[in-house]
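Novice: would you be able to build a 3D model of this:
(chains A and B)
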Amino acid sequence: MDEKQQRLNKLNRLVQQGIDPYGHPFPDTESIQHIKADFSEKENVELVHKIGGRVMAFRDHGKSVFLDIVDETGRIQAYIKESTANPDDYHFFKEVVDVGDILGLKGPLFRTKRGEITLEVKEWHFLAKALLPLPEKWHGLKDIEQRYRYRYLDLLVNPTVKENFVKRSKMLEHIRNYLYKNDFLEVETPVLQSLAGGALAKPFITHHEALDMDLYLRIAPELYLKRLVVGSIYKVFEVSKNFRNEGISTIHNPEFTMIEIYWAFQDYRAMMKLTEEIIKYVVKQLLPDGKTVWEGVTIDFLTPFTAMEFRDIFYQKVGTDMEELRDLNQAKRVLKAESISLNRPLTWENIVDKLFKEKVESQLINPTFITGYPVELSPLAKERADNPKYTDRFELFIGGMEIANGFTELNDPFIQRDRFLAQLKNREKGDVEAHQVDEDYLLALEYALPPTGGLGIGMDRLTMVILGLNSIREVILFPHLRPPDKI
RNA sequence: GGGCCGUUAGCUCAGUCGGCAGAGCACUUGCCUUUUAAGCAAGGGGUCGAAGGUUCGAGUCCUUCACGGCUCACCA
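Specialist: Next comes the predicted model:
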């Protein structure tokens, strides 16, 4: 008989005794953490406590049983013995309770010989019967596929997993609090868009039946948020789930979370400052010393972030001034020398982009701002006043990954139209990630977008570097997996 | 999509040269009234990821497929 059948038999015994194995409310329990913290040796041994939780261990010991009960706040030992419980009740308890069951318990506290604060069970209630055994108690659940597919088991038996996801949630809470405190308004903009804009990426396509039209899942909320700035919401942000129809890796999931922030009458420098402040604010609340270990290297978040010009660090790491690569023959020689191949159209910006990613990005471990991106790579960013070939844009790199991206928003509708048209040419050359011409957005610009600083922070990756986790799947509760063969 | 590695009991894992399918935890039964990775004794539990092939004989060798991990490509 397999274990599920054994547990079903126990469930039937409960039902026969008139006990519903599921669904009884059990309100007003005390948190296990507080019970243990408040326990005093002089405590009245008659004082009854009420707890609810999951049975995580069951130690049968002579005519008594020790249990570990776990709730949201901690673990406590419970004890039931034949001589002080009703003997029939004691034996019934032993026969029907399994590891994994969720029980409500009442009874006084005492301390065992070995010093463990323990609740003596005087009254017990079945809240939910577990029909399947939990994974192994001290190796936990290790199989990575099963950890992701059955994340609830991973959370139950691998304590650091739960801690990490709690921290992720706290991070977002702190970021929101920081922005609320500074008068930013949180909004929601469309996930289903008739044109996927605001980033250079391949979208997912879906279909609206009633309208009989294709729609795209958003690759970014950017263009909608800037419409809101036009509409006088001058400090605005959105926590946005974005969808990109691209490869999956340890740093890419098809759906991921970005926090995008727009601040009117500011520029990219203000957004750099904001980025650094937000990250330091979050880190101070999560990491006692402001440091984390990333693949063996210590990252210090609390020292001032370094900043370098794109063109300077490119020259430093690639050994060639990127302007010289505008001669495509020269560019091809450099690619060949580095044995790097390109499967996008061979344009100056694609070559520069590729070389930057290959030679520079992975080396930026400590927080580093890179500023002054080429205009060709930044169709939505404002050109520099003193050199229109470059933009007032920055990206922040930590742990060799792009963590944030921000710029002074391009608010000139004529130049924006030209930029879209240049992207259209790339699209015609076969670049599926080139930005589409968004007439509706251009219309909004014609009503005047104030000078605005914009910023996007990748929440998943920021969580990774702060917690020192090198796979995005460790910070996404249910990362994308193929459907299993059969269940 | 390419390359490499993996898939054996509910979980964690062994399985040598191709020769009876294994251990620990979990489970069942018995003993044990302050244990805590409780202990002691006994027991049950397998479509060896799937399908085909080689062989007297396949968990083991070969082929194909599925799923996963790492990595390359793409991407944030």
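
Novice: wait, what's in contact with the residue of chain A most remote from its centre?
Specialist: Distance from the C-alpha centroid of chain A peaks at A:Ser83, with 51.2 Å (CA atoms, centre = their mean). The contact partners of A:Ser83, by CB atoms under 8 Å, 6 or more residues apart in numbering, come to A:Lys63. C-beta here means a position set from N, CA and C on the backbone, and glycine is covered the same way.

Novice: the closest residue to A:Phe305 other than its chain neighbours - how many residues pack around it?
Specialist: Leaving aside its chain neighbours, A:Phe305 sits nearest to A:Pro367 (4.1 Å; criterion: CB to CB, 6 or more residues apart in numbering). Neighbourhood size, A:Pro367 [other CB atoms under 10 Å]: 26.

Novice: for A:Pro367, report the pLDDT, please.
Specialist: With respect to pLDDT, A:Pro367 has a value of 96.

Novice: separation between it and A:Ile278?
Specialist: As judged by CB to CB, to the nearest Å, A:Pro367 and A:Ile278 stand 12 Å apart.

Novice: cool, A:Ala220 as well?
Specialist: According to CB to CB, A:Ala220 and A:Ile278 sit 19 Å apart.

Novice: same deal with A:Ala57?
Specialist: From A:Ala57 to A:Ile278 the distance is 42 Å (CB to CB).

Novice: quick one, which of these two is more surrounded?
Specialist: A:Ile278 (22 against 13).

Novice: show me what contacts the more buried one?
Specialist: A:Ile278 neighbours (CB under 8 Å, 6+ apart): A:175, A:178-179, A:457.

Novice: let's have those residues in JSON lines, adding secondary structure.
Specialist: Listed next are the contacts of A:Ile278 as JSON lines, based on DSSP: H, G, I helix; E, B strand; the rest coil:
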{"residue": "A:Ile175", "secondary structure": "helix"}
{"residue": "A:Tyr178", "secondary structure": "helix"}
{"residue": "A:Leu179", "secondary structure": "helix"}
{"residue": "A:Ile457", "secondary structure": "strand"}
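
Novice: could you dump the residues you listed into JSON lines and include neighbour count?
Specialist: JSON lines is the format used below for those (neighbours: other CB atoms under 10 Å):
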{"residue": "A:Ile175", "neighbour count": "21"}
{"residue": "A:Tyr178", "neighbour count": "15"}
{"residue": "A:Leu179", "neighbour count": "20"}
{"residue": "A:Ile457", "neighbour count": "24"}
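
Novice: so which of those residues comes closest to RNA strand B?
Specialist: Closest approach to RNA strand B among the contacts of A:Ile278 (CB to the nearest atom of the strand): A:Ile457, at 10.7 Å.

Novice: okay, that closest one: pLDDT?
Specialist: 96.

Novice: and A:Ile51, by the same measure?
Specialist: 96.

Novice: my guess is it contacts A:Ile35, does it?
Specialist: Yes. With contact defined as CB atoms under 8 Å, A:Ile51 and A:Ile35 form a contacting pair (6.8 Å).

Novice: need the overlap of contacts for the two.
Specialist: Common neighbours of A:Ile51 and A:Ile35, using CB under 8 Å, 6+ apart, are A:76, A:119.

Novice: surely A:Arg59 is in a strand?
Specialist: Yes. Counting by three-state DSSP, A:Arg59 is located in a strand.

Novice: give the closest residue to it in space, chain neighbours not counted.
Specialist: Per CB to CB, 6+ apart, closest to A:Arg59 is A:Phe66, 4.2 Å.
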